[in-house]
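Enquirer: After the sequence you'll find the predicted model.
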Amino acid sequence: MMKNKWYYLGLLLFTGVVSGTTACKRAINQNKPEVYTPREDTTTYISDLALLYQGGTHRLPWYKDQLQPYIYRSETPGKIDWLFDGFLFIEFKDNLGHEYAEGYAERPAGKVEWEWLLNRNFEKDKAIAALDGVLDSLARLKQIPARKRKVVLTLPEPIVGFKDWGRINHSSLDFDSASHRLNACKWYIETALEKWKTANFKHLELMGFYWVAEHNTGAAEILPEVSRFIHQKDKRFYWIPYYGAEGAGQWKEMGFDIAYQQPNYFFNTITPYDILTGALNFAKKHKMALEMEFDSRVVDQPEFRSRYSAYIREFQNYGVWENLPVAYYEGGSGWLDMFRSKDVEVRKLYDQLADIIIKRQHSTDARLVK
């Protein structure tokens, strides 16, 4: 995930905590986690959630051709296999100086920037509309997934200390006030729901909102109320904390319906293996889902390929692939770049993970679709 100062502090602390686990690592790996499928039913469950960085001016526009490799794989004419069943449209900053979570840019995003982000997500022929467009083209060919594809939208963090976010009902909001921060979140959620209703997508379902701050510092006093409001709208609340994030183990108390633990092993070739296994054990202890992590360095920096493979191997050892929902961080275009690569080894790595996701989709469809 895109890292801020809080991540690095948490990782330093947790490196010390888990550094002594190497000797017993393989023995621990034999203990698979309990099956954890929160609020599982035919309408809400997401097996494989792709993180699509969308909004900032530095991101891909996400046209149809860019999204296709995330939606399905077709190795023979007329036959397709479904890939990700969920899509999180995620953003930390607009690349114009404003941040949607603390620690990513020069100044907090205000009401204008929050609405700008929503407008970027709902832009014609891009992002969510393009996703629906690919699925519509497939439907015309009688290729329809057993379950509608799910969408999760970023909910910006109302950053404490921001004095001039904007106005709601003629009142200016000051984010030193918990009630003002809560009101801003409610406004954003209601505005997003209105835009979703107006868009009238044919093949997508809006599942809920993602709390973009990767730790709960400054938000613990409002998160349960934000969660209640989201549930009143019959939506779900998602979170993906970094390893060592404050509050990660208390995700249920904060009101989240599901939390995916970031292992944070991939991003640096000197990060110890114990970070990966330590995160898996932490997720197991706290009944969390997991995040698979990689980026385009798999394509052009071979030293990162072993880290990509380590996730696949350890997720298998821990029973993650068989039992848990998984979110996929791919750096903004990593999956697309792997799909387009002419390198035989890279394509093999792409197909290895695609095979896993396809198998998981078959299993989820068989379990949920009656």
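Expert: Here it is on my side, so go on.

Enquirer: so what's residue 286 up against?
Expert: 248, 249, 251, 259, 261 (C-beta atoms under 8 Å, 6 or more residues apart in numbering). In short, each C-beta sits where N, CA and C put it, glycine included.

Enquirer: so is residue 331 in a helix, a strand, or just coil?
Expert: Recorded secondary structure, residue 331: coil (DSSP: H, G, I helix; E, B strand; the rest coil).

Enquirer: That one and residue 298 touch, don't they?
Expert: No. Counting by C-beta atoms under 8 Å, residue 298 is not a contact partner of residue 331; they are 9.1 Å apart.

Enquirer: the more surrounded of those two?
Expert: residue 298 (28 against 19; other C-beta atoms under 10 Å).

Enquirer: List the contacts of the helix or strand that contains that one.
Expert: In the assignment (DSSP states H and E), residue 298 maps to helix 297-300. For helix 297-300, contacts defined as C-beta under 8 Å, 6+ apart pick out 304, 305, 308, 331, 334, 337, 338, 341, 343, 346, 349.

Enquirer: and residue 176, how many neighbours does it have?
Expert: So residue 176, with other C-beta under 10 Å, has 11 neighbours.

Enquirer: Same check on residue 362?
Expert: Neighbours around residue 362, by other C-beta under 10 Å: 13.

Enquirer: Quick check: it is in a strand.
Expert: No. Read with three-state DSSP, residue 362 is helix and lies in no strand.

Enquirer: My guess is residue 63 contacts residue 131. True?
Expert: No. Using C-beta under 8 Å, residue 63 is not in contact with residue 131, being 10.3 Å away.

Enquirer: In the chain, which residue is most central in space?
Expert: Most central in the chain under C-alpha atoms, centre = their mean is residue 51, positioned 4.4 Å from the mean C-alpha point.

Enquirer: from memory it sits against residue 331, does it?
Expert: No. Under the criterion of C-beta under 8 Å, residue 51 lies out of contact with residue 331, with a separation of 9.0 Å.

Enquirer: Do a quick rundown of the strands in the stretch 101-250 of the chain.
Expert: Assigned strands in the stretch 101-250 of the chain, in chain order: 107-108, 149-155, 166-168, 171-173, 204-211, 236-239 (criterion: DSSP state E, counting those that start in this stretch).

Enquirer: out of the ones you listed, nearest to residue 285?
Expert: The closest approach between residue 285 and any of the strands of the stretch 101-250 of the chain, judged by C-beta to C-beta, belongs to strand 236-239 at 16.6 Å.

Enquirer: Residue 45 looks like it's in a strand, true?
Expert: No. Going by three-state DSSP, the assignment for residue 45 is coil, not a strand.

Enquirer: Pretty sure residue 89 sits in a strand.
Expert: Yes. Assignment of residue 89 by three-state DSSP places it within a strand.

Enquirer: and the nearest residue to it once chain neighbours are set aside, how many neighbours does it have?
Expert: Once flanking residues are discounted, residue 89 sits nearest to residue 54: 4.5 Å by C-beta to C-beta, 6 or more residues apart in numbering. By the criterion of other C-beta under 10 Å, residue 54 has 24 neighbours.

Enquirer: where's residue 54 relative to residue 67, distance?
Expert: Note on residue 54: its distance to residue 67, by C-beta to C-beta, to the nearest Å, is 11 Å.

Enquirer: Likewise for residue 98?
Expert: Noted for residue 98: a distance of 26 Å to residue 67, by C-beta to C-beta.

Enquirer: what about those two, which has more around it?
Expert: residue 67 (24 against 21).

Enquirer: hmm, back to that, isn't the residue nearest to residue 89 right up against residue 66?
Expert: No. Contact between residue 54 and residue 66 fails when scored by C-beta under 8 Å: they sit 10.8 Å apart.

Enquirer: Could you tell me which residues touch both of those two?
Expert: Residues touching both residue 54 and residue 66 (C-beta under 8 Å, 6+ apart): residue 60.

Enquirer: rewinding a little: now do the contacts for the residue nearest to the centre of the chain.
Expert: 1, 88, 90, 240, 327, 328, 329, 330.

Enquirer: for residue 328, same thing?
Expert: The contact partners of residue 328, taken as C-beta under 8 Å, 6+ apart, are 48, 49, 50, 51, 84, 291, 292, 335.

Enquirer: In strands, which of those residues appear?
Expert: 48, 49, 50, 51, 291, 292 (DSSP state E).

Enquirer: circling back: check the contacts of residue 328 against residue 150 and report the nearest one.
Expert: residue 49 (7.9 Å).

Enquirer: Could you export the strands of the stretch 101-250 of the chain to JSON lines, including columns for mean pLDDT, distance to residue 269 and mean neighbour count?
Expert: Converted to JSON lines, those look like this (pLDDT from 0 to 100; distance: least, C-beta to C-beta, whole Å; neighbours: other C-beta atoms under 10 Å):
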{"stretch": "strand 107-108", "mean pLDDT": "95", "distance to residue 269": "34", "mean neighbour count": "17"}
{"stretch": "strand 149-155", "mean pLDDT": "98", "distance to residue 269": "30", "mean neighbour count": "24"}
{"stretch": "strand 166-168", "mean pLDDT": "97", "distance to residue 269": "43", "mean neighbour count": "14"}
{"stretch": "strand 171-173", "mean pLDDT": "95", "distance to residue 269": "44", "mean neighbour count": "15"}
{"stretch": "strand 204-211", "mean pLDDT": "97", "distance to residue 269": "29", "mean neighbour count": "22"}
{"stretch": "strand 236-239", "mean pLDDT": "96", "distance to residue 269": "28", "mean neighbour count": "25"}
